[in-house]
Structure formats: C-alpha cells, structure tokens
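S.K.: 3D model of this:
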Amino acid sequence: GDALQAAQDDPEIRAVVITGSGDKSFCAGADLKALSRGENLFHPDHTDWGFAGYVSHFIDKPTIAAVGGTARGGGMTIAISCDLIVAASDATFGYPEIDA
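M.R.: As a prediction, this is how the structure comes out:
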C-alpha cells in the first residue's frame with residue numbers, strides 16, 4: 001500500500017506493475033494461519049486500502065498485474081483489481097475456496 005501511494009504521489013511514475021518475487025507464484029493468497037490467529041492482514045494505518053494494501057486503494061495511474069505461476073484466492077483478487085493482466089503461459093488463476 002505504501003509503495004502504491006508513493007507511485008501515486010510521484011509525477012515521474014506513469015504506471016505501476018505488480019508481480020511476484022519468484023517464479024512459482026504471483027500470489028498464493030492470504031496467510032490463512034495468520035487469519036485463524038486473528039492477525040491483521042491489512043495496512044495498520046489504512047485498512048480502507050483493502051487486502052495487500054491494494055484491492056481498494058485506487059490511484060489514477062494504470063496498474064498492471066504481471067502474472068507468472070499461480071494467482072490463487074487473494075492473489076487472484078489482486079490481479080483482477082488491476083487495470084490490465086499480462087499472464088505468462090504458465091499462469092493459473094482460481095479461488096480455492098470455491099468448490100466446483
């Protein structure tokens with residue numbers, strides 16, 4: 001959330017790319033064990049920004065999800081909250097909590 005706000009406030013930045021840090025997953029979702037312990041998964045000062053400080057944190061610059069590997073649960077929510085998704089050929093999306 002803080003990085004997104006910094007991008008919003010910087011006139012030199014024209015777009016934001018969100019991606020995972022490795023090659024296995026864009027984002028596997030929320031830490032369910034932390035949730036079960038009652039831990040806060042939102043920005044401590046900006047719960048209004050939503051999951052990962054992004055989902056409800058609107059900025060006027062385009063955001064792009066560069067998805068490689070899995071985007072599950074909250075990770076899929078982050079991806080579909082972006083203005084554009086660029087998916088690698090190995091990208092998979094889904095909500096594991098939905099039983100099809």
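
S.K.: Near the residue nearest to residue 31 when sequence neighbours are not counted, how many other residues are there?
M.R.: Using C-beta to C-beta, 6 or more residues apart in numbering and skipping the chain neighbours, the partner closest in space to residue 31 is residue 41 (6.6 Å). Every residue, glycine included, has its C-beta placed from N, CA and C. By the measure other C-beta atoms under 10 Å, the count of residues near residue 41 is 14.

S.K.: Also residue 75?
M.R.: With other C-beta under 10 Å as criterion, residue 75 counts 25.

S.K.: Could you pull up the contacting residues of it?
M.R.: Residues near residue 75 by C-beta atoms under 8 Å, 6 or more residues apart in numbering: 25, 26, 27, 28, 29.

S.K.: any idea of the pLDDT on it?
M.R.: The per-residue pLDDT reported for residue 75 equals 90.

S.K.: Make sure it is indeed in a helix.
M.R.: Yes: assigned with DSSP: H, G, I helix; E, B strand; the rest coil, residue 75 falls within a helix.

S.K.: List the contacts of residue 58.
M.R.: Residue 58 touches nothing, counting by C-beta under 8 Å, 6+ apart.

S.K.: Tell me which helix or strand comes right after the lowest-mean-pLDDT helix or strand in the chain.
M.R.: In the chain, no helix or strand scores lower on mean pLDDT, DSSP states H and E than helix 32-36, which sits at a mean of 77. Toward the C-terminus, helix 32-36 is succeeded by strand 63-67 as the next helix or strand (DSSP states H and E).

S.K.: and after that next one, which helix or strand comes next?
M.R.: strand 70-72.

S.K.: From the contacts of residue 75, pick the one nearest residue 69.
M.R.: Residue 69 has its nearest neighbour among those in residue 25, at 4.4 Å by C-beta to C-beta.

S.K.: Settle this for me: the closest one is touching residue 67, isn't it.
M.R.: No: at 9.3 Å, residue 25 does not count as touching residue 67 under the criterion of C-beta atoms under 8 Å.
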